[in-house]
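Need coordinates for the below:
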Amino acid sequence: AVVSTQSTGLLSKRRQGDVFTAEWREEEDKGYWSRSNRDILVDKRLDFEAECPQWLVNKKGREWRPALPRFIEGVIVDLQTRKPKKPNSGNRKVARVQITKHGEKKVVTARIRGEKNTLQQHHRVLVQYARARNLPTVKWVIVRGQMDAQY
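Numbering: from 1, shown residues only. I've put the predicted structure just below:
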């Protein structure tokens, strides 16, 4: 018994506008129709997008990264000084800040801009995802003039 497909042909169930239910999977397992690998991948991708509507694609379109709010509140775990990359010299002030990112607590390294600061452990600060150019691995910056990081 051969089941005739619709006039649209063997498209992805998602592209036909159908919900991908257990019934579809059972029908597929019976072997009446076979879907191309591409259609299966499209379905997986669309399932994934339905689960994570807050995700973005970068300009090249390769890397998936979650969209973050611009500023995140955090607590200072400890303070350090770091040396910058090759042509520059000096001691750059850096803090380890614990933030809550997508429901999980994460400790990130954040640069403290400016000449003088009075930050200490357990101070509450606002951090922003921005690279410190001459400090490798430092990808966050503490926002001055907000909360405990005053000028």
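
Which parts of this structure are helices?
Using DSSP state H, the helices of the chain run over 22-30, 37-51.

low-confidence ranges in this structure?
Per-residue confidence for the chain (pLDDT under 70) gives these ranges: 1-36, 46-67.

could you redo the last one with a cut-off of 50?
Scanning the chain with the threshold set as pLDDT under 50 gives 4-9, 53-55, 62-63.

any idea which strand is longest in it?
When the chain is parsed with DSSP state E, its longest strand is strand 71-82.

For that one, name the packing helices and strands.
Contact here means 3 or more Cβ pairs under 8 Å, 6 or more residues apart in numbering; DSSP states H and E; on that basis strand 71-82 packs against strand 92-101, strand 104-112, strand 124-129. All C-beta spots, glycine's among them, are computed from the backbone N, C-alpha and C.

Please write out the alpha-carbon positions of it in CSV.
Extracted as CSV, the C-alpha positions of strand 71-82 are listed here (Å, rounded to 0.1, in the frame of the first residue of the first chain):
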residue,chain,number,x,y,z
PHE,A,71,24.2,45.6,31.8
ILE,A,72,24.3,42.8,34.4
GLU,A,73,24.4,43.2,38.1
GLY,A,74,27.2,41.4,39.9
VAL,A,75,29.1,41.0,43.2
ILE,A,76,32.9,41.4,43.4
VAL,A,77,34.6,38.1,44.4
ASP,A,78,38.2,39.4,44.4
LEU,A,79,40.4,42.2,43.1
GLN,A,80,43.6,41.7,41.1
THR,A,81,46.1,43.6,38.9
ARG,A,82,47.1,42.4,35.5
